[in-house]
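Trainee: Sharing a sequence plus its predicted fold:
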Amino acid sequence: MSVTAKRIVLASRPNGPVSKDNFRLESHDLGAPVAGEVLIKVTAMSLDPYMRGRMDDAKSYAAPVEVDGVMEGGAVGEVLESNAEGFAAGDKVFGMAGWCDHAIMRAKDLRKLPDGIPETTALGVLGMPGFTGWYGLTKIGQPKAGETLVVAAATGPVGSMVGQFAKHKGLTVIGIAGGEKKCAHAVEKFGFDACLDHRSFADARDARAKIGDACPNGIDIYFENVAGPVLEGVLPNMNVFGRIPICGMIAYYDAGGGAEVFDLPKFWRSMLVNRMHAQGFIIADHWDQYPAFLKEAGPLVANGTIKYTEDVAEGLENAPDAFMSMLKGGNFGKQIVKVA
């Protein structure tokens, strides 16, 4: 089977905030899958903040996307043709197909999706973002019933998993999100005890006061997704022996080389005085734990204990706009692009 596919490539590296000029939509002919390969029609793909880092030619935990290379990312789709044992036409699969509408992939890089649950959960709540939240909270945060947890980007796929799992384990959960609507969603849908609108913080001192008022017993776990002024407001409210899983720093991703970084001496002093534990982690290092995550989280999603929200953009050609909006907090829930 021969297919003319569409894909979005990195046309140029951004210098500061991402622009549409950094992307290019193009068509190309796909050959037939050879032995061990599968041809996939992509139905939906994931947009995630980490993709911004892949656009820069800078040392990181993974190689950058090459200029003229396909933007990377997870996708779900349907097998159109298989030349690999264990896969047949019609199978629903997940793989790192990138920003495209069709792809040929090695069978060993694909995962079959279970029946009875929406395909897009493999991109969010039961995919990499949900797994990231679960791992960072349970393995690094070490939550204990009665403690207080704060998580920013609270209505995103990582933050909402962190908060809901913490509630499930008996913690008090305070979210931080951008806007009254997102804050209400964190409380009403995800069951957070409270949620603060970071747009209401006049400065770091104001953030410190408002976060302190919401956490009268201090903060035992801060799940770090954003850094920036939120981190400055959280640190003075951390308890002795507090834990900080460091998952992301989205406040700095799109600012380019002139990004203002948090005052490092203040950070180290807080770490020392409160004998805190902060650990950065990259979820790609921990895929051996993914089955344990599915075993624990899968039933909770299926029975509605853990809920999720998806923000769906229509059409591959609209992926760049959706991506740029997400980097500025414009998404409401897990950002997905419906391709077909």
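Mentor: Yes, it's here.

Trainee: which residue sits closest to the residue positioned nearest the centre of the chain, ignoring its sequence neighbours?
Mentor: Geometric centre of the chain, nearest residue: P129, 4.3 Å, by Cα atoms, centre = their mean. Spatial nearest neighbour of P129, chain neighbours left out: P157 (3.6 Å); criterion: Cβ to Cβ, 6 or more residues apart in numbering. For the C-beta atoms, the positions are set from N, CA and C on the backbone; glycine is no exception.

Trainee: what's the answer for V42, then?
Mentor: G77 (4.2 Å).

Trainee: Please apply the same query to I176.
Mentor: Distance criterion Cβ to Cβ, 6+ apart; nearest residue to I176, sequence neighbours excluded, is A152 at 4.1 Å.

Trainee: which residues touch the one you found?
Mentor: Shown in contact with A152 (Cβ atoms under 8 Å, 6 or more residues apart in numbering): G159, G175, I176, A177, H198, F223, E224, N225, V226, V230.

Trainee: per-residue confidence at it?
Mentor: pLDDT recorded at A152 is 93.

Trainee: now swap in the one 4 residues further on and tell me
Mentor: Here, the pLDDT recorded for G156 equals 92.

Trainee: That one and V125, how far apart?
Mentor: 11 Å (Cβ to Cβ, to the nearest Å).

Trainee: Overlap of the contact sets of the two?
Mentor: When Cβ under 8 Å, 6+ apart defines a contact, the residues bordering G156 and V125 alike are K334.

Trainee: So what's the residue count around the residue nearest to V42?
Mentor: 29 (other Cβ atoms under 10 Å).

Trainee: so what's it bridging to?
Mentor: V42, V93 (DSSP bridges).

Trainee: returning to what we had before: the residue nearest to P129 - how many residues pack around it?
Mentor: 29.

Trainee: pretty sure it is in contact with F131, am I right?
Mentor: No - between P157 and F131 there is no contact under Cβ atoms under 8 Å: 10.0 Å.

Trainee: Quick check: closest non-adjacent residue to A319.
Mentor: A319's closest residue in space is V337 (Cβ to Cβ, 6+ apart), at 4.9 Å.

Trainee: same question for the strand or helix carrying the one you found, mean pLDDT?
Mentor: Assigned by DSSP states H and E, V337 belongs to strand 334-338. Average pLDDT, strand 334-338: 97.

Trainee: can you check stretch 169-189 too?
Mentor: Across stretch 169-189, pLDDT averages out at 97.

Trainee: how far does it sit from the chain's center?
Mentor: Averaging C-alpha positions (Cα atoms, centre = their mean, to the nearest Å) puts stretch 169-189 17 Å from its chain's average.

Trainee: Alpha carbons of it, in PDB - could you do that?
Mentor: Provided in PDB are the C-alpha atoms of stretch 169-189 (Å, rounded to 0.1, in the frame of the first residue of the first chain):
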ATOM      1  CA  LYS A 169      -4.000   8.500  49.400                       C
ATOM      2  CA  GLY A 170      -5.400  10.900  52.000                       C
ATOM      3  CA  LEU A 171      -3.500  14.100  51.500                       C
ATOM      4  CA  THR A 172      -4.700  17.700  51.500                       C
ATOM      5  CA  VAL A 173      -4.300  19.000  47.900                       C
ATOM      6  CA  ILE A 174      -3.800  22.600  46.900                       C
ATOM      7  CA  GLY A 175      -3.600  23.300  43.200                       C
ATOM      8  CA  ILE A 176      -2.300  26.400  41.400                       C
ATOM      9  CA  ALA A 177      -3.600  27.200  37.900                       C
ATOM     10  CA  GLY A 178      -4.000  30.100  35.500                       C
ATOM     11  CA  GLY A 179      -7.500  31.600  35.800                       C
ATOM     12  CA  GLU A 180     -10.600  31.300  37.800                       C
ATOM     13  CA  LYS A 181     -12.200  28.700  35.400                       C
ATOM     14  CA  LYS A 182      -9.200  26.300  35.700                       C
ATOM     15  CA  CYS A 183      -9.200  26.700  39.500                       C
ATOM     16  CA  ALA A 184     -12.900  25.900  39.700                       C
ATOM     17  CA  HIS A 185     -12.300  22.900  37.500                       C
ATOM     18  CA  ALA A 186      -9.600  21.600  39.800                       C
ATOM     19  CA  VAL A 187     -11.900  21.700  42.800                       C
ATOM     20  CA  GLU A 188     -15.200  20.700  41.200                       C
ATOM     21  CA  LYS A 189     -14.000  18.000  38.800                       C
END
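
Trainee: What residues of it count as buried?
Mentor: By neighbour count on 16 or more other Cβ atoms under 10 Å, the buried set for stretch 169-189 is 169, 171-178, 182-183, 185-186.

Trainee: the more surrounded of G156 and V125?
Mentor: With neighbours defined as other Cβ under 10 Å, G156 and V125 compare such that G156 has more, 31 against 28.

Trainee: who touches E37 in this structure?
Mentor: E37 neighbours (Cβ under 8 Å, 6+ apart): N83, A84, I104, M105, R106, A107.

Trainee: Next, give phi and psi for it.
Mentor: Dihedral pair for E37: phi -120, psi 160, per degrees, to the nearest 10.

Trainee: distance of it from N225?
Mentor: 36 Å.

Trainee: and if you look at L316?
Mentor: For L316 relative to N225 (Cβ to Cβ), the value is 27 Å.
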